[in-house]
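Colleague: how would this look folded up:
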Amino acid sequence: MRCLGALALALGFAGCATSAPGPGASRADLAFPAPGTHWITRSANQAGQQWTTTWVVLDEGEWGGRPVHRVSDQVDVLVYDKATRNWMATLRWDDERFVADPHTGTFQWPLEVGRVWESRYAYHDHQRGRSFRNVRFTWQVEAREEVATSAGRFQAFRLRGRNPFSETEIWYAPGLALIVKEVQERFVGHSLGPGRVTTELLRYAPPGGERWFGFSLEAVNAAVQRGQGREALAFHEREAADLERRGLPLEAAQAHVAAMWAARPLGLFQRSLKAGARAIELLRAERRTDDVLGRLANAYFTMGNVYRMAGDRAAARRLQEEGAALTAAFEQSRSRLFWSAVFARGLAQVALAEADYPTAIRQGGEAIQTLERFIGSLHTDSPFDQARRNGRTNLGWALTLVGNTHRRAGNAAAAEPLLQRALGLARELRNDELALDAILPLGWVAQGRGDHAAALARFEEGQAIATRLNHASYLMWLHTGAGWSLYRTGRHEAALAAFRQGVARLEDLRSALEESSLRSGYVEDKQQIYHGAVWSAVELGRSDEAFAYAERARSRAFLDLLGTQTVLSKGRTRQLVEEETRLRARLGEAKARAEEGGDRAAARRLLEAAERDYRGFLDRVRRESAEQASLMTVEPVTLPEIQRLLPEGTTLVEYLVSDRASLAWVIDRDRAELVRLPSPRADLVAEVRAFRQGIEGQAPLPDAAARAERLYARLFAPLRPHVRTERVVIVPHEVLHYLPFGALRSP
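Modeller: Numbers count the residues shown, from 1 in each chain. Now for the predicted structure:
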């Protein structure tokens, strides 16, 4: 939208006076602004679209064999001939996007009221595949006057340029050495059609001081890919507050959205959600144009993604559904097509997080088909075309989603081609985050077929990219993937080191979440990271360290009952502990049922109700019992601490259920034994559920007894030789939370 023709590009940086003349000066001479000069402009067109751009003068360079000045809008680089100060080209990735050559000069310097000249040039628009061999403009300096902008009032030279197809008016302020306002009017017959674009100065700063960043998604992504995500986030948060104070709600909303984009890959979910919520609040107060609807849709979609990443799937689904409802209000059919595909993908991501693979594949497939229709409706195949880039980028995300869903469902043959296609798109688009989204599941695919060397290579490739981006979430999973690859090839020391990195990333991300409900939900589906550390330590014979990681897994997900039971006060606090236990058991059972299959809609309703009640409980605890709230976030106890806490004559049995097998620690005051149980989680889920259903359905006693005996043989018989006391305290884990241990039967 910014680059509507050669004139708009050339006028943006026609030249600036390095030594500004005084307020009453009658002329201005040409000189280029110093490197490091930066400013922000706001543009709006006749359709109500509005955008904010951050500009900075870069160091001098070379282009086409000639020395040039360079200016960046945080995505593209504009180059100017050093000898003539004329704009020559706009580049992206060092490729020509727009070019004016040869050029006789948009401006004739010095500027003096009454001066008239003609500008001629050939113009090549490589974005749209058009060339104009003989563009002519007649220019005149009409007046020196005061002009008002959002940045203030300035004394400026007013210039007007005309040709049969357009007219442009600009105000050059010698006191700032900048063009502070520009109005471009296109007439019927212009190659882009009739229209009007007004651009004015919003902020300005001389060289030095803090770095400024762009407000567009591509500018934010570019900052993240340069490893400057945290700086960009801080800048946009400050700008949003300043713009709100200045009474510029649309610009403030754009800054909040930019902050939301910057915070998400850094794993700063709470800050992302706060920024997104404020953007939505500001945008909902504006008149509903397609531009405002697009910003709203983007905010809803991104917030839904952040909630999903933070573990609150109910909130994620709600936001994606609310966003999808907006799509019908778009006037342009192409916008309706694009956003319907985006929200189909968003809802498919929620379905994948809920392990509802058929729904995720169906909705993700709809997103792919709709995006392919959207891309096919465009009239250009230029890599510079923003609509095409947006469509292809979202197509890449949809492909990784469906590919990853097939992988999770056990269909690697269907997954790999989709993921490879997405990776190819990511590389064409130079989108590192999309590349990570394909590389990570490709590593899991290789691991699933037993090619651990290839898997490790994928994870390490991803680590190099994610480290440069400082992308915390991907680093967490890439370290985890590398850990499992190393573990399965017997390199347990290296595996433990990788899992330690994964745990550290996980806990950093969790600690940034202010809401206790988000912290709990965030950890729930990441237990395998802790389990990898546990199993690596077990293989190295480090039972104490294995126990420490098992305890960390518990304490990060819910109240550590053993670690708090000896310090809990009587009465109200103990009631809270009992309520916590009941709610956790209900939540565990609801999650197990949701994974089982059958009536997924009913299972999801049960799970959402259980999650809602548990979140309400945590919020109530935080308000009513500071003591209990602090205990819920207590650091995990160590094995020696537990042994000191145990009364004489008491044995603690603490379980850890994982996908591959289970573990149990048998602990008394003098000894701690680690016992491996050949009971993977899937088997235990099935047996425990069957046992409970048999009891609830009053199954024949011999059947119930046989199930009770099988569970005893799995879970307690291997531990019996290590129990030397009369009293046994059991700390269950995962599905075992709703197993009635007292009903198990020994021979």
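
Colleague: For the stretch 201-350 of the chain, just list every one of the helices.
Modeller: Counting by DSSP state H, counting those that start in this stretch, the stretch 201-350 of the chain has helices at residues 217-225, 229-245, 249-263, 269-284, 290-310, 313-326, 333-353.

Colleague: report the angle between the axes of the first one and helix 290-310?
Modeller: For the pair helix 217-225 and helix 290-310, the angle between their directions (axes from the mean of the first three to the mean of the last three CA atoms, to 10 degrees) equals 30 degrees.

Colleague: Now do the helices in the stretch 551-700 of the chain.
Modeller: 561-565, 572-596, 600-624, 626-632, 639-645, 681-696.

Colleague: So in the protein, where's the weakest helix or strand by average pLDDT?
Modeller: None of the helices or strands of the chain scores lower by mean pLDDT, DSSP states H and E than helix 561-565, at a mean of 32.

Colleague: what's the nearest residue to residue 437 if we skip its chain neighbours?
Modeller: Closest residue to residue 437 apart from its sequence neighbours, by CB to CB, 6 or more residues apart in numbering: residue 400 at 4.5 Å. Every C-beta, even on glycine, is put in place using the N, C-alpha and C of the backbone.

Colleague: burial measure for residue 644, as a count.
Modeller: Burial of residue 644 is recorded as 10 neighbouring residues (other CB atoms under 10 Å).

Colleague: repeat for residue 426
Modeller: Residue 426 has 24 neighbouring residues, counting by other CB under 10 Å.

Colleague: what's the spacing between it and residue 461?
Modeller: 12 Å (CB to CB, to the nearest Å).

Colleague: now residue 428
Modeller: Separation of residue 428 from residue 461 (CB to CB): 17 Å.

Colleague: higher neighbour count, the two?
Modeller: residue 461 (17 against 12).

Colleague: Would you mind measuring from the more buried one to residue 436?
Modeller: 9 Å.

Colleague: what does residue 269 give?
Modeller: For residue 269, the distance to residue 436 - CB to CB - is 18 Å.

Colleague: between those two, which one's more packed in?
Modeller: residue 269 (28 against 25).

Colleague: Give me the pLDDT value at the more buried one.
Modeller: At residue 269, the model reports a pLDDT of 91.

Colleague: Touching, it and residue 509? I think so.
Modeller: Yes. Contact criterion CB atoms under 8 Å: residue 269 and residue 509 qualify, at 7.4 Å.

Colleague: The closest residue to residue 526 other than its chain neighbours: how many residues sit nearby?
Modeller: Leaving aside its chain neighbours, residue 526 sits nearest to residue 506 (5.7 Å; criterion: CB to CB, 6+ apart). A total of 26 residues lie near residue 506 under the criterion other CB under 10 Å.

Colleague: circling back to that earlier point, go ahead and confirm the residue nearest to residue 437 touches residue 436.
Modeller: No. When contacts are counted by CB under 8 Å, residue 400 is not listed as touching residue 436 (9.4 Å).

Colleague: in the protein, which residue is closest to the centre?
Modeller: residue 264 (3.7 Å; CA atoms, centre = their mean).

Colleague: And the pLDDT at it?
Modeller: Residue 264 carries a pLDDT value of 93.

Colleague: ok, and the closest non-adjacent residue to it?
Modeller: Excluding its sequence neighbours, the residue lying closest to residue 264 (CB to CB, 6+ apart) is residue 272, at 4.8 Å.

Colleague: what's the answer for residue 205, then?
Modeller: residue 38 (5.5 Å).

Colleague: Contact partners for the one you found?
Modeller: Residues near residue 38 by CB atoms under 8 Å, 6 or more residues apart in numbering: 54, 55, 56, 57, 204, 205, 212.

Colleague: From residue 52, how far out is it?
Modeller: Using CB to CB, residue 38 is found at 13 Å from residue 52.
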